[in-house]
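Asker: Sequence and computational prediction follow.
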Amino acid sequence: MSIFANVLQQLKAATQVSKVPASIVEQLQRPERTLTFTLPVVMDNGSVRTFEAYRVQYSSARGPYKGGLRYHPQTNLDEVKSLAFWMAVKCAVVGIPLGGGKGGITVDPKSLSRGELERLTRAFARELVPFIGPDKDVPAPDVNTTPEVMAWVMDEYEKVVGYKAPGVVTGKPLALGGSQGRTPATAQGALYVLSELVQKLRLKPKQITVAVQGMGNVGGIMAQLLHQAGYQVVAMSDSAGGVYNPKGLDVPAVEQFKKQSGSLKGFPGGKQVSNAKLLELPVTVLIPAALENQITGKNAGRIKAKVVFEMANGPTTPEADAKLARRKIIVVPDVLANAGGVTVSYFELVQNLQQYYWSEGEVMAKLKPIMVTAFKQVWQRAEQLKVPLRTAAFVIALERIAQAIEARGEY
Ligand code: NAD
C-alpha cells in the first residue's frame, strides 16, 4: 500500500473545500527535492555493508525544512516522502515558521552494535552536510533515533563546516544545546489537545478509558502523562504485543516490567493482547502511537473507540477515515495531535540561535497556547465546513502555505 497515495487523497479532500489556487495544489503534490544516498559502512567484523538512506525536502515555503530521521527496516522513499509532506502541513497547522522534510535509513538498528550505528549515522550526516543547516533543513529524532543519534549528526556537521552550529538538529542531548522539555513535548502537547477535546465532549478524565499502541518516546510518555492526569489507561503495547486490563493498568509498573524483561510478555497486572486486538478494544480513546496504516478499511468497522487520537504519523488510511466518519468516530489527526514535538523542536532551534536557554516551565508555558489555539482553529473550521478534523487541519495548512508561496511572488 503506497502511503503517498493516502497523502494525495487527504490533499484532495482538503482542496475540494478550500479556495487554494489549483497551481499551488499542483506544486504541493510533489516534494521540492528528493535525495537518496548509498552508505557503505565498515561493520565490527571488518566486512562492509551498504545501506540506503533518504532525505525528502518537501516544502520550504514557510521556512527551513524540518523533520525527523527514521531508522527502520521498512523505511523507504514512499514513506519518507509522505512523512515529509505531513511535516509541512503540521508546522503550518501550529503556525510555526518552518517547512517540511523527513529522512531515514532502511535498517534495523537493533541488528547493529553501538559502534556500527554511530559509523552509519556519521556516514549519513557527512552526505547530508551540503543540504542541511539551521537556516536550511533541520533534522530531529523519529522512530528508533535518539538524542545520541542527533549528537552524532551535529558533531559530524560541525566538523565538516568548521564552526559550531547546534541548530543543525533538534532533539539533541541537553549538554549539547537540547531544549528542556523536548523529550516529553510530543506527549505533553497531545495532552493539551486531548484536554480541550474532552471539555468539548463534556467528559472528565476519570470517565475516559484509553488504549495506547506503541511505548516509545511518544506512546510510552503519553501513557504516563495520561495516568498522572487521572485517565484510565487500560491497554498498552510495543511491537511484540500488549497488555489489557479493563479496570486500568498501573502504567509505571508496565514501564518498569518492560524495562526489566524487554517486553510485556508475562506482565502480571493484565491479560495479553495482540496489537491487532488492542485497536479493537471497547475504549473511549484509542491512541495509535507506533507506525502508519494501522487503522485500515479492513478493521475500521470493528473500532469501538469514540475517539481515535493519532499520535503516530499516518496511522489511519483514507478508506478507514471515511468509515470512521460514517460511524461518527472522531479522528484527531496526527498533524494536530502530535505537533507538540515539532513545536518544541522549533523552540530548541530558537534557543540555539539566541544562545539563550529556557526552563522547562517556560517551554511548556509557550507550548500550551500554541496547541490550544491550533485545536480551537481546527475544531471551528471543521464545524464551519462540516468536514472531519483532518480535512479542516489540511485546509488551514494549505491556506497558510499558499499565502507564503503567493507572498514570494512570481519566479
Ligand atoms: P520510538 O522508536 O520511540 O517508539 C516506537 C514504538 O512503537 C516502540 O515502542 C515500538 O515497540 C512500537 N512499535 C513498533 N512497531 C509496532 C507495531 N507494529 N505495533 C505496536 N507497536 C509498535 O518512536 P516514537 O518517537 O515514539 O514515534 C512513534 C510515532 O510517533 C511515529 O509515527 C513517529 O513518526 C511519531 N511522532 C514522533 C514524534 C517524536 O517527537 N518522537 C513526534 C511526532 C510524531
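Answerer: Received the coordinates, thanks. Residues are numbered from 1 along each chain as shown.
Asker: residues touching whichever residue of the stretch 1-150 of the chain sits closest to the ligand, list them.
Answerer: Here the stretch 1-150 of the chain gets closest to the ligand at one residue, residue 143, 4.1 Å apart by Cβ to the nearest ligand atom. For glycine as for every other residue, the C-beta is placed from the backbone atoms N, C-alpha and C. Under the criterion of Cβ atoms under 8 Å, 6 or more residues apart in numbering, the contact partners of residue 143 comprise 68, 70-72, 216, 291.
Asker: and the residues you listed, which of them are in strands?
Answerer: In this view, the contacts of residue 143 that belong to strands under DSSP state E are 68, 70-72.
Asker: related to what we said a few turns ago, overlap between the contacts of residue 143 and the residues near the ligand?
Answerer: On the criterion Cβ under 6 Å from any ligand atom, 216, 291 are the entries of these that sit beside the ligand.
Asker: what sits against the closest residue to residue 333 other than its chain neighbours?
Answerer: With sequence-adjacent residues excluded and distances taken as Cβ to Cβ, 6 or more residues apart in numbering, residue 333 is closest to residue 390, at 3.8 Å. Going by Cβ under 8 Å, 6+ apart, residue 390 touches 10, 13, 321, 331, 333, 335.
Asker: Just the pLDDT for whichever residue of the stretch 151-300 of the chain sits closest to the ligand.
Answerer: Shortest the stretch 151-300 of the chain-to-the ligand distance, computed as Cβ to the nearest ligand atom: residue-wise this is residue 216, at 1.8 Å. The confidence metric pLDDT takes the value 93 at residue 216.
Asker: can you start the count at 512 instead of 1 from here on
Answerer: Will do, 512 is the new start, and the previous item becomes residue 727.
Asker: these two touch, right, it and residue 800?
Answerer: Yes: taking Cβ atoms under 8 Å as the definition, residue 727 is a contact partner of residue 800 at 7.3 Å.
Asker: quick one, which of the two is more surrounded?
Answerer: A count of neighbours by other Cβ atoms under 10 Å puts residue 800 above the other of residue 727 and residue 800, at 29 against 18.
Asker: pLDDT wise, what is that one at?
Answerer: According to the model, residue 800 scores 98 on pLDDT.
Asker: What residues does it make contact with?
Answerer: Contact partners of residue 800, counting by Cβ under 8 Å, 6+ apart, are 723-725, 727, 729-730, 733, 822-823.
Asker: what about burial for those residues, which qualify?
Answerer: Listed as buried from those are 723-725, 727, 729-730, 733, 822-823; burial here means 16 or more other Cβ atoms under 10 Å.
Asker: between these, which is nearest residue 892?
Answerer: Each of the buried ones among the contacts of residue 800 was scored against residue 892 by Cβ to Cβ, and residue 822 proved nearest at 21.4 Å.
Asker: Contacts only, for that closest one.
Answerer: Counting by Cβ under 8 Å, 6+ apart, the residues that residue 822 touches are 697-698, 701, 725, 729-730, 733, 798-800, 845, 848-849.
Asker: Look through the chain and tell me its longest strand.
Answerer: Longest strand in the chain by number of residues (criterion: DSSP E): strand 559-570.
Asker: before we move on, back to that, a markdown table please, covering the contacts of residue 654 and showing distance to residue 619.
Answerer: A markdown table is the format used below for these (distance: Cβ to Cβ, whole Å):
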| residue | distance to residue 619 |
| --- | --- |
| 579 | 17 |
| 581 | 12 |
| 582 | 8 |
| 583 | 7 |
| 727 | 15 |
| 802 | 14 |
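Asker: Make a PyMOL selection of whichever of the contacts of residue 654 turn out to be buried.
Answerer: A single PyMOL command selects the buried members of the contacts of residue 654 (16+ other Cβ under 10 Å):
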select buried, resi 579+581+582+583+727+802
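Asker: ok so, going back, which ones, among the contacts of residue 822, also lie beside the ligand?
Answerer: Among the contacts of residue 822, proximity to the ligand is found for 697, 725, 729-730, 800, 849 (Cβ under 6 Å from any ligand atom).
Asker: Next step: the residues you listed restricted to helices.
Answerer: 697, 730 (DSSP state H).
Asker: quick check, nearest of the ones next to the ligand among the contacts of residue 822 to residue 613?
Answerer: Distance to residue 613, by Cβ to Cβ, is smallest for residue 849 among these, at 13.5 Å.
Asker: What's the local residue count around the closest one?
Answerer: Burial of residue 849, expressed as a neighbour count using other Cβ under 10 Å, amounts to 26.
Asker: what sits against it?
Answerer: Residues 601, 697, 700-701, 729, 821-824 are the ones in contact with residue 849 under the rule Cβ under 8 Å, 6+ apart.
Asker: which one of the residues you listed sits closest to residue 871?
Answerer: Sorting the contacts of residue 849 by distance to residue 871 puts residue 700 at the head of the list, at 13.6 Å, by Cβ to Cβ.
Asker: Can you tell me how far the residue lying closest to that closest one once chain neighbours are set aside is from residue 874?
Answerer: The shortest distance from residue 700 to any residue that is not its chain neighbour, by Cβ to Cβ, 6+ apart, is 1.5 Å, and that residue is residue 851. When distance is defined by Cβ to Cβ, to the nearest Å, residue 851 is 10 Å away from residue 874.
Asker: can you list residues touching both of these two?
Answerer: Common neighbours of residue 851 and residue 874 (criterion: Cβ under 8 Å, 6+ apart): residue 696.
Asker: Name the residue in these two with the higher neighbour count.
Answerer: Using other Cβ under 10 Å, the more surrounded residue of residue 851 and residue 874 is residue 851, with 30 against 23.
Asker: What helix or strand is the residue in the chain sticking out farthest from the centre located in?
Answerer: Taking Cα atoms, centre = their mean as the measure, the residue most remote from the mean C-alpha position of the chain is residue 557, 35.9 Å away. When secondary structure is defined using DSSP states H and E, no element contains residue 557, which sits outside every helix and strand.
Asker: Show me the helices in the stretch 562-711 of the chain, by range?
Answerer: All helices of the stretch 562-711 of the chain, identified by DSSP state H, counting those that start in this stretch, fall at 588-604, 625-639, 658-672, 693-711.
Asker: Please identify the deepest-packed of these.
Answerer: helix 588-604 (a mean of 27; mean count of other Cβ atoms under 10 Å).
Asker: helices and strands around it, which ones?
Answerer: The contact analysis (3 or more Cβ pairs under 8 Å, 6 or more residues apart in numbering; DSSP states H and E) places helix 588-604 against helix 514-528, strand 544-553, strand 559-570, strand 576-583, strand 611-617, helix 845-848, helix 851-865, helix 900-919.
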